[in-house]
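Asks: quick one, structure for this:
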Amino acid sequence: MDEKILNIVKTILLFFLTAVAEIVGCFLPYLWLKKQGSALLLIPASVSLCIFVFLLSLHPVESGRVYAAYGGIYIITAMLWLILVDRSRPTPFDIIGALIILLGSALMVAGWRSK
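Replies: So this is what the prediction gives:
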């Protein structure tokens with residue numbers, strides 16, 4: 001596989017792993033606060049958020065660019081979470097909005113290579 005394509009695939013996978021770590025880190029306190037879960041859920045939530053921060057630090061560009069581009073992948077991952085965990089269907093507005101944001105993220109990541 002071409003090295004350029006491999007780097008893009010690695011970046012996307014890293015973004016997805018980062019998004020899952022962030023969502024889990026926020027979902028577990030939600031279970032505690034809203035669904036009468038155990039306060040012990042805060043321990044894995046904290047670990048997950050630490051993993052999230054670590055994963056964000058692995059990207060090779062400035063943090064602001066990473067955070068901005070990551071937003072699109074986060075939204076796509078959140079839509080998958082909506083379907084798989086919350087067992088809810090996204091609306092057409094959810095899907096269109098997510099695709100527009102994903103296009104913006106793709107443009108930002110493509111710009112990383114032109115620096």
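Asks: contacts and neighbour counts: CA atoms only from here.
Replies: Fine.
Asks: what are the contacting residues of stretch 31-50?
Replies: Residues outside stretch 31-50 that contact it (Cα atoms under 8 Å, 6 or more residues apart in numbering) are 21, 22, 24, 25, 26, 27, 28, 29.
Asks: mind running it again at 10 Å?
Replies: 18, 20-30, 51-52, 54-55 (Cα atoms under 10 Å, 6 or more residues apart in numbering).
Asks: of these, which is the nearest to residue 107?
Replies: residue 18 (19.3 Å; Cα to Cα).
Asks: isn't the closest one right up against residue 75?
Replies: No. Applying Cα atoms under 10 Å as the test, residue 18 and residue 75 come out as separate, 11.9 Å apart.
Asks: in terms of neighbours, single out the busier of these two.
Replies: Set side by side, residue 18 and residue 75 show more neighbours around residue 18, with 23 against 19, by other Cα atoms under 10 Å.
Asks: in stretch 41-52, what's buried?
Replies: 41, 42, 45, 46, 48, 49, 51, 52 (16 or more other Cα atoms under 10 Å).
Asks: ok, the first one to residue 33 distance?
Replies: Separation of residue 41 from residue 33 (Cα to Cα, to the nearest Å): 10 Å.
Asks: again, but for the third one
Replies: Note on residue 45: its distance to residue 33, by Cα to Cα, is 13 Å.
Asks: go on, residue 11?
Replies: Distance, residue 11 to residue 33, using Cα to Cα: 33 Å.
Asks: so what's the residue located most distally from the centre of the chain scoring on pLDDT?
Replies: Most distant residue from the mean C-alpha position of the chain: residue 36, 25.9 Å away (Cα atoms, centre = their mean). Residue 36 is assigned 93 on the pLDDT scale.
Asks: could you look up the SS state of it?
Replies: coil (DSSP: H, G, I helix; E, B strand; the rest coil).
Asks: phi and psi next, for it.
Replies: phi 60, psi 40 (degrees, to the nearest 10).
Asks: any idea how far the host helix or strand of residue 95 is from the chain center?
Replies: Using DSSP states H and E, residue 95 maps to helix 92-112. In terms of Cα atoms, centre = their mean, to the nearest Å, the centre of helix 92-112 is set 13 Å apart from its chain centre.
Asks: lovely, talk soon.
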